[in-house]
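Trainee: Any chance you can model this:
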Amino acid sequence: MKRLLIKVCGMRDVENIRQVEQLAPDWMGFICWGGSSRFVGDTPGYMPDACSRAGVFVNPSLEEIRHCVIRMGLDTIQLHGEETPDFCNEVRHLLSPKSGKSLQLIKAFSIASDGVFPATAPYEDCCDYFLFDTRCATVGGSGKTFDWDFLRQYRGKRPFLLSGGIGEEHAGALKSFSHPMWAGVDLNSRFEDSPAVKNVKKLKKFIHQLREL
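Mentor: So this is what the prediction gives:
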């Protein structure tokens, strides 16, 4: 099986950032939306160099993204609102000061297993990855999983990250999960001791298990 990509999201504490970086995630996520308890108002005193820096936004302006990209040295943008394909294309034209290359783009979609699968097709040509999260009443996430079998309906050409309440107890289920476009996982609240502070011991064990898939 191909190596799973791992994104650890909701980082803010300097020492915690250093510790999680040692676990070799592919992305470290910084929430740039003020409605989150993990909001990064000021750039942390240390930012990771060994992995991609992802900024998470909800219905931002292009100028807001540009400001955070420059201030935090972001090279990946995750859009978690109702952003249009045209807006995604505009984001893709921004450059990362860290790499000098176009920004990588992740578009999040909320999944309700008893609902209609989201319309991802219009975003196929303007995103690098999709992220499928659990639909809930709040934008910031529920910490709950959805029925992953619902993703059998996804037949798009963009790889996706699996998100929404993934915790230590899901290692076995992830070993059983299969989809040709599944690229990796997004980890956040279920590995926290408090908002924006990850339990490094739990993360280390879980990431090791995933790397063995």
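
Trainee: Flag every buried residue along the worst-scoring helix or strand of the chain on mean pLDDT.
Mentor: Ranked by mean pLDDT, DSSP states H and E, the weakest helix or strand in the chain is helix 171-176, scoring a mean of 92. Of the residues in helix 171-176, 171, 174 count as buried by neighbour count, 16 or more other C-beta atoms under 10 Å. Using the backbone N, CA and C atoms, a C-beta is placed for each residue, glycine as well.

Trainee: and what of stretch 75-95?
Mentor: In terms of neighbour count (16+ other C-beta under 10 Å), stretch 75-95 has its buried residues at 75-80, 83, 87-88, 91-92, 94.

Trainee: do the same with stretch 178-185
Mentor: Buried residues in stretch 178-185 (16+ other C-beta under 10 Å): 182-185.

Trainee: Relative to Ala54, which of those is nearest.
Mentor: Proximity of the buried residues of stretch 178-185 to Ala54 (C-beta to C-beta) peaks at Gly184, which lies at 12.3 Å.

Trainee: and the closest one, which of the three is it?
Mentor: strand (DSSP: H, G, I helix; E, B strand; the rest coil).

Trainee: Leaving out chain neighbours, which residue sits closest to it?
Mentor: Nearest residue to Gly184, sequence neighbours excluded (C-beta to C-beta, 6 or more residues apart in numbering): Leu5, at 3.0 Å.

Trainee: show me what contacts that neighbour?
Mentor: 26-27, 161, 183-185 (C-beta atoms under 8 Å, 6 or more residues apart in numbering).

Trainee: where does this protein dip in pLDDT?
Mentor: Applying pLDDT under 70 to the chain flags residues 1, 113, 136-143, 213.

Trainee: That one: strands as residue ranges?
Mentor: Secondary structure of the chain (DSSP state E): strands at 5-8, 27-31, 52-57, 76-79, 104-111, 129-134, 160-162, 182-187, 192-194, 197-198.

Trainee: Of all those strands, which one is nearest Gly41?
Mentor: Smallest distance to Gly41 across the strands of the chain (C-beta to C-beta): 10.2 Å, for strand 27-31.

Trainee: CA atoms of that closest one as PDB?
Mentor: The C-alpha coordinates for strand 27-31 follow below in PDB (Å, rounded to 0.1, in the frame of the first residue of the first chain):
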ATOM      1  CA  TRP A  27       1.600  19.000   6.900                       C
ATOM      2  CA  MET A  28       1.200  21.000  10.100                       C
ATOM      3  CA  GLY A  29      -2.000  23.000  10.100                       C
ATOM      4  CA  PHE A  30      -2.500  26.500  11.600                       C
ATOM      5  CA  ILE A  31      -6.000  27.700  11.900                       C
END
